[in-house]
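In: Structure of the sequence below:
(3 chains)
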Amino acid sequence: MEKERVKGILEGILFAAGDPVFLDDLANALEISKEEILDIINDMKQEYNSTNRGIMISEVGRKIRLTTKPDVYPYIEKLFKPQIRSQLSRAALETLAIIMFKQPITKAEIESIRGVNVEKTLNSLLEKNLICEVGRMETPGRPILYGTTQYCLEYFGLSSIEELANLKLNEQGD
Amino acid sequence: MEKERVKGILEGILFAAGDPVFLDDLANALEISKEEILDIINDMKQEYNSTNRGIMISEVGRKIRLTTKPDVYPYIEKLFKPQIRSQLSRAALETLAIIMFKQPITKAEIESIRGVNVEKTLNSLLEKNLICEVGRMETPGRPILYGTTQYCLEYFGLSSIEELANLKLNEQGD
Amino acid sequence: MALNVKLEAFEGPLDLLLHLIEKNQINIYDIPISELTDQYLSYLEGLEELDINLASEFLLMAATLLSIKSRMLLPSIKSNEVQQEECAVIDEEDPRSELVERLIEYKKYKKIAMILKEKEEYESRIFKRKPEDLSFLYDDLCLPEVSFDDLISIFTDIIRKKDMRENVNAKTILKEPFPLFKRIEQVYDIVVNMKKVNFKDFFSRSATKSELIITFLAILELIKLNKVKVFQDQPFGDITIVLREEA
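Out: Sure thing, here's the model as predicted:
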């Protein structure tokens, strides 16, 4: 396939995915080698550097992703300020609540419940030591499973995860 | 602000937003006129046309959005197996077409054009948020008047109903 | 005439009439009403069974056609010279004119509906991006103000919101929310942790229908795999799930 066309397809795939995509998966979908893809991604990095672009491509581990360029954030902030303010206090809490009652849970599952990309929120909760990685799911891609930390449980007055499991079932029943 | 920079910021904002963003909000955030933005968006449309791009920009109603290009679909399908949304029935499409061009319109008027009862179809369109009640007619019985929603334009990817009218006229031309 | 098409294939009597007009290559402005009426009626007769709800609209049109036909048969008051032109021109006197107007208008919307269908198909092949959670721009999560009860109510809220959102079309790609094998693991873990679980506790009211189904399948699968067993103390009593000790 023509190189320029590969760039277009890569951009489309990464855009639709939202999350980082494994290099291997991209290679499979496009039926070209990983080396070729990496080569093309290097080209794309240059192109995204241009002033008229607001997004960029980068590698995280063995995954490739598209993200907003940091210098656009002031405008995003300005545009979404009212919405962010109102969703703000809840956004992080919603994610935390989902993890608490559905743990162990993957990022994809949280996102399917909340309908938004929660990558940055997860990082912030990890930083605050409210959640932690509790394992990996044994599926392709081995996604990380998140759970609440002992600190978080104690904070909310729970002695252990069993107590939560108990509570969870009672709460969810009628 | 330099035009190329505006393009970059627009791309970044629309990328982060995911959903279509009101033209007015973009104009406010960038502190330039709506006309200038529309002008720049037209430029961007040309640029996204290039083979090495997999996304495109379009107007839906009074909103602007970024989406993948349709020709990337086979690859996205291969990689993510996206759920195909259910399509509208012919009855729903015909009813919508009438409401689009004759709004605000009552159920009785729609029925006299289609020659069939449209109660169920209207309910399903209301549920899908494609139409809404826009008022009542000041006649005996005060029948409900229906109109299409902004979401309806987004659903069909239409910039406006006029766009559709033009399309139709062109078709009739040949 | 082969009548192998079902009534349901048509969106209504006007649609059926347009079909007959197109099939017979009739000039819509000069409909041979008697011929069309015969075809329309024989079409309705050819149907083995009539769904009364659906058919009433078709029967109403049959009555209209017959009425037009009878009016066409009435001797014209006009002189012979004008009568010849009359066939090609629709004026107020023509009993067919109202029907023709309706057909033309309906045809217009039928055409727009087809364009909408194309647009819909096009849209189904393009994707939006999942919106970014932008709350990190104002990172001030303040725990001291939050209680455990708050978390519970937040959780039930979002699950409810999610159900509402799922009713609306979204073209964002969201990953399969609840793979069966994952739910099997979860259910198993819960049973392992709690030793004994009430069956109905697995089915929260707030869960989506697909989640409920997946959970049910997961329990069945675990029973089949001999990982858990279920028992019921009395008929219609609560069903309890317990861990089957490994041999």
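In: Go ahead and flag the most central residue of chain A.
Out: When C-alpha atoms, centre = their mean is applied to chain A, the residue found nearest the centroid is A:E119 (3.3 Å).
In: Report the contact partners of that one.
Out: Contacts for A:E119 were tallied using C-beta atoms under 8 Å, 6 or more residues apart in numbering or on different chains; they are A:19, A:107, C:133. Where you see a C-beta, it was placed from the backbone N, CA and C, and this is true even at glycine.
In: The closest residue to A:I131 other than its chain neighbours: neighbouring residues, count only.
Out: Spatial nearest neighbour of A:I131, excluding adjacent residues (C-beta to C-beta, 6 or more residues apart in numbering or on different chains): A:L125 at 4.6 Å. A:L125 has 23 neighbouring residues, counting by other C-beta atoms under 10 Å in any protein chain shown.
In: quick one on the thing from earlier: from the contacts of A:E119, pick the one nearest B:G61.
Out: The nearest member of the contacts of A:E119 to B:G61, counting by C-beta to C-beta, is C:D133 at 24.7 Å.
In: my guess is that closest one meets A:A91, correct?
Out: Yes - when contacts are counted by C-beta atoms under 8 Å, C:D133 is listed as touching A:A91 (5.8 Å).
In: C:E98 should be in a strand, yeah?
Out: No - checked against DSSP: H, G, I helix; E, B strand; the rest coil, C:E98 lies outside a strand; its state is helix.
In: Quick check: pLDDT value at it.
Out: With respect to pLDDT, C:E98 scores 87.
In: okay, now the domains of chain C?
Out: C:7-123, C:138-243 (automatic domain parsing).
In: Need the three-state assignment for residue 71.
Out: All of this refers to chain A. Applying three-state DSSP: A:D71 is helix.
In: try again with chain C
Out: Secondary structure of C:R71, per three-state DSSP, is helix.
In: Contact partners for it?
Out: For C:R71, the contact set (C-beta under 8 Å, 6+ apart) comprises C:P95.
In: On the three-state scheme, C:K182 is what?
Out: Going by three-state DSSP: C:K182 is helix.
In: C:N27 and chain B: what is the separation?
Out: 17 Å (C-beta to the nearest C-beta, to the nearest Å).
In: Does that residue belong to a helix, a strand or coil?
Out: coil.
In: contacting residues for residue 28?
Out: Since you didn't name a chain, this refers to chain A. Taking C-beta under 8 Å, 6+ apart as the test, what A:N28 contacts is B:L79.
In: wrong chain, I was asking about chain C
Out: C:I28 sits next to C:21, C:100, C:103-104, C:107 when contact means C-beta under 8 Å, 6+ apart.
In: Of those residues, just say which sits nearest to B:D43.
Out: Using C-beta to C-beta, the contacts of C:I28 come closest to B:D43 at C:K107, 39.8 Å.
In: Now the host helix or strand of the closest one: buried residues?
Out: Using DSSP states H and E, C:K107 sits in helix C:97-123. Residues C:99, C:102-103, C:106-110, C:112-117, C:119-120, C:123 are the ones in helix C:97-123 that count as buried (16 or more other C-beta atoms under 10 Å in any protein chain shown).
In: can you list the domain ranges for chain A.
Out: Looking at automatic domain parsing, the domains of chain A come to A:3-76, A:90-173.
In: a markdown table please, covering those and showing mean pLDDT.
Out: Listed next are the domains of chain A as a markdown table, based on pLDDT from 0 to 100:
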| stretch | mean pLDDT |
| --- | --- |
| domain A:3-76 | 92 |
| domain A:90-173 | 80 |
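In: Make TSV out of those domains and add distance to C:E221.
Out: Formatted as TSV, the domains of chain A follow (distance: least, C-beta to C-beta, whole Å):
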stretch	distance to C:E221
domain A:3-76	28
domain A:90-173	16
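In: right, so of those domains, which gets closest to B:D43?
Out: Comparing the domains of chain A by C-beta to C-beta, domain A:3-76 comes nearest, at 8.9 Å.
In: Could you work out the end-to-end span of the closest one for me?
Out: Taking C-alpha to C-alpha, to the nearest Å, the first and last residues of domain A:3-76 lie 32 Å apart.
In: One more: stretch C:200-213?
Out: From the first residue to the last, stretch C:200-213 extends over 13 Å; the measure is C-alpha to C-alpha.
In: Just confirm A:Y48 contacts A:T67, I think it does.
Out: No - using C-beta under 8 Å as the test, A:Y48 is too far from A:T67 to be in contact (10.1 Å).
In: shared neighbours, these two?
Out: Here A:Y48 and A:T67 share the contacting residues A:55-56, scored by C-beta under 8 Å, 6+ apart.
In: Show me where the chain has its helices.
Out: Picked chain A for this. A:3-17, A:23-30, A:34-48, A:73-102, A:107-114, A:119-127, A:150-155, A:161-172 (DSSP state H).
In: Wait, chain C was what I had in mind.
Out: Assigned by DSSP H, the helices in chain C fall at C:13-23, C:33-46, C:52-73, C:80-86, C:97-123, C:148-167, C:180-194, C:209-224.
In: Please identify which of these is closest to A:L158.
Out: helix C:148-167 (7.3 Å).
In: average model confidence for that closest one?
Out: 66.
In: Is the closest residue to C:F199 other than its chain neighbours bridged to anything, and to what?
Out: Leaving aside its sequence neighbours, C:F199 sits nearest to C:I239 (C-beta to C-beta, 6+ apart; 3.6 Å). Beta bridges link C:I239 to C:Q232 when assigned by DSSP bridges.
In: Pull the number of nearby residues for C:I239.
Out: 14.
In: And C:H19, by the same measure?
Out: Neighbour count of C:H19, defined by other C-beta under 10 Å: 14.
In: Next one: A:K102 relative to A:I131, how far apart?
Out: Distance of A:K102 to A:I131, computed by C-beta to C-beta, to the nearest Å: 12 Å.
In: and stretch C:43-58, how far apart are its ends?
Out: Stretch C:43-58 has an end-to-end distance of 10 Å (criterion: C-alpha to C-alpha).
In: what pLDDT, on average, does it get?
Out: For stretch C:43-58, the mean per-residue pLDDT is 71.
In: My read is that C:R244 contacts C:F231, right?
Out: No - using C-beta under 8 Å, C:R244 is not in contact with C:F231, being 11.2 Å away.
In: Please identify which of these two sits among more neighbours.
Out: Per other C-beta under 10 Å, whichever of C:R244 and C:F231 has more neighbours is C:R244, with 15 against 11.
In: Report the separation between the more buried one and chain B.
Out: Taken as C-beta to the nearest C-beta, the span from C:R244 to chain B is 35 Å.
In: No further questions, thank you.
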